[in-house]
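1. Fold the stuff below for me.
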Amino acid sequence: MSPDDKKRAAALAALDEITPGALLGVGTGSTVNHFIDALAERGPAIAGAVSSSEASSARLRGYGIAVVSLEQALVGGARLGCYVDGADEIDPGFAMIKGGGGALTREKIVAAAAERFVCIIDDSKRVPVLGAFALPVEVIGMAVPLVTDWARELGAQACIREGFVTDNGHPILDLNGLRIEDPTALEARISLWPGVVTVGLFAARGADVCLTGTDSGVERSVRGG
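-> Predicted structure coming up:
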């Protein structure tokens with residue numbers, strides 16, 4: 001199977017994770033695009049979706065799927081039942097690097113509002129240790145020099161993502177050269193740097209379920225299982 005076929009298979013499998021009639025959190029990226037397509041074509045009916053990016057919102061609306069704000073979804077203390085999104089890397093503890101598509105801040109917000117995070121990936125995204133994929137950090141523009149210096153103290157090279165700003169209007173620094181053996185601690189450390197909006201480590205709130213597309217089909221694994 002090609003990588004794209006594996007992504008599509010994982011996306012299709014995620015339909016079984018959805019509660020019919022519920023509000024759904026939807027992420028961003030190529031694998032999620034397959035999921036949105038599958039949801040529109042053969043998925044269960046849902047009450048609507050809370051999207052993590054303008055791109056995903058446009059794709060959902062294009063299929064006639066209602067997009068609601070997180071504020072509307074959480075009225076009365078409710079939570080989203082499920083958040084479906086991909087990952088750039090995921091380790092054995094279900095910590096992830098996310099943000100290759102630049103939507104890391106909204107992804108982290110919507111994930112925090114969901115009872116379950118279902119990660120959909122192809123098998124190239126499973127890694128023993130995070131860090132081969134550059135770690136995205138969304139920053140306030142004036143903080144770029146400071147964050148670059150602090151990244152250097154970690155042994156990383158920070159490269160600004162040229163020609164790109166997030167849906168929130170901020171630049172992204174991609175941190176190269178890291179080997180992330182304690183993703184929870186590093187997430188907490190970078191999050192405290194002044195000027196950082198979000199770091200693309202999803203460790204404190206990692207995935208609960210991982211659906212991995214492989215040559216032999218989709219493997220379903222559960223954190224702690």
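2. Now do the domain split for the protein, please.
-> 3-127+204-222, 135-198 (automatic domain parsing).
3. got a list of what the residue nearest to D215 when sequence neighbours are not counted touches?
-> Distances taken as Cβ to Cβ, 6 or more residues apart in numbering place M1 nearest to D215, at 5.3 Å, with adjacent residues excluded. (Glycine included, C-beta is placed from N, CA and C.) Going by Cβ atoms under 8 Å, 6 or more residues apart in numbering, M1 touches A9, G213, T214, D215.
4. Now tabulate the residues you listed in a markdown table and tack on secondary structure, pLDDT and neighbour count.
-> Formatted as a markdown table, the contacts of M1 follow (DSSP: H, G, I helix; E, B strand; the rest coil; pLDDT from 0 to 100; neighbours: other Cβ atoms under 10 Å):
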| residue | secondary structure | pLDDT | neighbour count |
| --- | --- | --- | --- |
| A9 | helix | 98 | 19 |
| G213 | strand | 98 | 29 |
| T214 | strand | 97 | 14 |
| D215 | coil | 97 | 9 |
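5. Burial-wise, tell me which of the domains of the chain comes out on top.
-> Mean neighbour count (mean count of other Cβ atoms under 10 Å) peaks for domain 3-127+204-222 among these, with a mean of 20.
6. Quick one: distance of that domain to the chain centre.
-> Its chain's average C-alpha position is 8 Å from that of domain 3-127+204-222, according to Cα atoms, centre = their mean, to the nearest Å.
7. picking up where we left off before, and the residue nearest to D215, what pLDDT?
-> Note on M1: pLDDT of 86.
8. mind checking how far it is from N176?
-> From M1 over to N176 the distance is 30 Å, taken as Cβ to Cβ, to the nearest Å.
9. what comes into contact with the lowest-mean-pLDDT helix or strand in the chain?
-> Every helix and strand in the chain was compared by mean pLDDT, DSSP states H and E; the lowest is helix 70-73, with a mean of 93. The contact list for helix 70-73 (Cβ under 8 Å, 6+ apart) reads L23, G48, V50, L80, I109, V110, A113.
10. My read is that the third one contacts G25, right?
-> I take that to be V50. Yes - between V50 and G25 there is a contact under Cβ atoms under 8 Å: 5.1 Å.
11. intersection of neighbour lists for those two?
-> Common neighbours of V50 and G25 (Cβ under 8 Å, 6+ apart) are L80, V110, A113.
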